[in-house]
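# Any chance you can model this:
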Amino acid sequence: MARFMTLHDAVAACIRDGDTVAMEGFTHLIPYAAGHEVIRQGRKGLTLYRMTPDLIYDQLIGMGCADKLVFSWGGNPGVGSLHRLRDAVENGWPHRLQIEEHSHAAMANAYEAGAANLPFAMFRGYLGVDLPKVNPNIKRVTCPFTGEELAAVPAIRPDVGVIHALRADRDGNVLLEGITGVQKETVLASKRSIVTVEEVVDDFGPLNRNAVVLPSWTVTAIAVVPGGAHPSYAQGYYKRDNAFYIAWDEIARDRGSFLAWMKENVLEKGPEAFAAHGRPSA
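Got it, this is the predicted structure:
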């Protein structure tokens with residue numbers, strides 16, 4: 001059953017050095033505040049999973065938290081490269097980063113398989129492409145009923161799944177609406193989970209047609225962090241901070257400017273720094 005905790009205590013209780021960790025959010029509800037707390041607590045040796053690693057993974061990699069990245073696309077959306085990711089892969093700074101690349105379809109199906117407690121995902125795909133030549137975790141299997149050859153990848157079963165959601169109720173149920181990506185599957189596939197939320201409410205009220213409610217028993221820890229998805233957006237609370245994504249390109253290009261920014265804005269601040277963003281958008 002979900003326990004309400006501070007973000008510091010949730011990360012301390014759930015994420016350990018060497019864990020496999022998935023921090024998911026597809027443009028919307030990216031768990032930045034949680035990622036910053038992982039950096040502040042100095043976690044090392046992590047294997048990070050994410051369909052679209054963007055700025056928060058650039059920060060985790062640049063601060064030396066990750067040894068491996070399993071992903072299906074990596075970049076600063078609408079801007080360009082992730083310079084700390086590139087530096088780790090190309091130059092081994094702050095240390096060498098292993099990478100395992102997949103397609104979006106493979107990652108989504110692998111999360112689904114993990115949520116269903118299956119050992120691997122099977123789907124139509126990876127025909128006529130080169131990824132299987134460099135990724136030994138892409139296999140082909142034969143359907144025992146039709147003889148059709150299909151692609152197969154290992155299920156994603158993280159030690160810890162981390163997401164940001166809109167609201168939790170007082171019983172620990174969690175609500176997501178809008179673009180939800182694979183947040184639900186991430187929580188269900190993980191041994192432990194941390195959910196940061198904008199607020200706690202007595203009742204969710206009327207729900208949108210695509211609403212996802214995660215029952216309390218699927219979640220390990222809930223931390224109330226208003227603004228915790230900034231600079232990504234939270235539907236009904238705040239908009240995407242496009243200017244920050246543009247600014248990050250310059251900040252992250254140079255190791256010195258990156259470290260200075262992280263010291264000032266992450267290491268010397270706590271999750272309360274996000275609170276200014278956690279207000280309803282106009």
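# And this protein, what are its domain boundaries?
Domains of the chain are assigned by automatic domain parsing as 3-101+159-277, 104-154.
# Quick one: list the elements packing against the strand or helix carrying Tyr49.
Using DSSP states H and E, Tyr49 sits in strand 46-50. Using 3 or more C-beta pairs under 8 Å, 6 or more residues apart in numbering; DSSP states H and E as the contact criterion, the elements in contact with strand 46-50 are strand 20-23, helix 55-62, strand 66-71. Yep, even glycine has a C-beta here, placed from its N, CA and C like the rest.
# With mean neighbour count and distance to Glu268 added, can I get these in a markdown table?
Below are those laid out as a markdown table (neighbours: other C-beta atoms under 10 Å; distance: least, C-beta to C-beta, whole Å):
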| stretch | mean neighbour count | distance to Glu268 |
| --- | --- | --- |
| strand 20-23 | 25 | 22 |
| helix 55-62 | 25 | 14 |
| strand 66-71 | 20 | 22 |
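# so which of those gets nearest Ala243?
Nearest to Ala243, of all the helices and strands packed on strand 46-50, is helix 55-62, at 12.8 Å by C-beta to C-beta.
# Next, the angle strand 66-71 makes with that closest one.
150 degrees (axes from the mean of the first three to the mean of the last three C-alpha atoms, to 10 degrees).
# what residues does helix 55-62 touch?
23, 30-32, 35-36, 38-39, 46, 48, 50, 66, 69, 71, 74, 76, 82-85, 87-88, 94, 97, 231, 245, 248, 252, 258-259, 262, 266 (C-beta atoms under 8 Å, 6 or more residues apart in numbering).
# is it true that Thr142 touches Glu149?
Yes: here Thr142 reaches Glu149: they are 5.7 Å apart, a contact under C-beta atoms under 8 Å.
# Including mean pLDDT, could the helices and strands packed on strand 46-50 go into JSON lines?
Formatted as JSON lines, the helices and strands packed on strand 46-50 follow (pLDDT from 0 to 100):
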{"stretch": "strand 20-23", "mean pLDDT": "98"}
{"stretch": "helix 55-62", "mean pLDDT": "98"}
{"stretch": "strand 66-71", "mean pLDDT": "98"}
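# and of the ones you listed, who's closest to Tyr237?
Of all the helices and strands packed on strand 46-50, helix 55-62 sits nearest to Tyr237, with 18.0 Å by C-beta to C-beta.
# Which ones among the contacts of helix 55-62 map onto strands?
Among the contacts of helix 55-62, the ones falling in strands (DSSP state E) are Met23, Leu46, Leu48, Arg50, Ala66, Leu69, Phe71.
# Nearest to Val225 among those residues?
Among the ones in strands among the contacts of helix 55-62, Met23 lies closest to Val225 (C-beta to C-beta), at 13.6 Å.
# Report the beta-bridge partners for the nearest residue to that closest one once chain neighbours are set aside.
Leaving aside its sequence neighbours, Met23 sits nearest to Val162 (C-beta to C-beta, 6 or more residues apart in numbering; 4.4 Å). With DSSP bridges as the criterion, Val162 is bridged to Met23, Ile194.
# Quick check: the farthest pair among the ones in strands among the contacts of helix 55-62?
Of all pairs in those, the most separated under C-beta to C-beta is Leu46 and Phe71 at 13.3 Å.
# Verify the stated contact: Ile251 with Glu264.
No: if you go by C-beta under 8 Å, Ile251 and Glu264 don't touch, sitting 10.8 Å apart.
# So for these two, which residue has more residues nearby?
Ranked by neighbour count (other C-beta atoms under 10 Å), Ile251 and Glu264 place Ile251 first, with 19 against 10.
# Could you report the distance from the more buried one to Trp261?
5 Å (C-beta to C-beta, to the nearest Å).
# count of residues packed around the closest residue to Asp87 other than its chain neighbours?
Spatial nearest neighbour of Asp87, chain neighbours left out: Trp93 (4.8 Å); criterion: C-beta to C-beta, 6+ apart. Neighbourhood size, Trp93 [other C-beta under 10 Å]: 16.
# And for the one 4 residues further on?
Other residues within reach of Leu97, judged by other C-beta under 10 Å, total 21.
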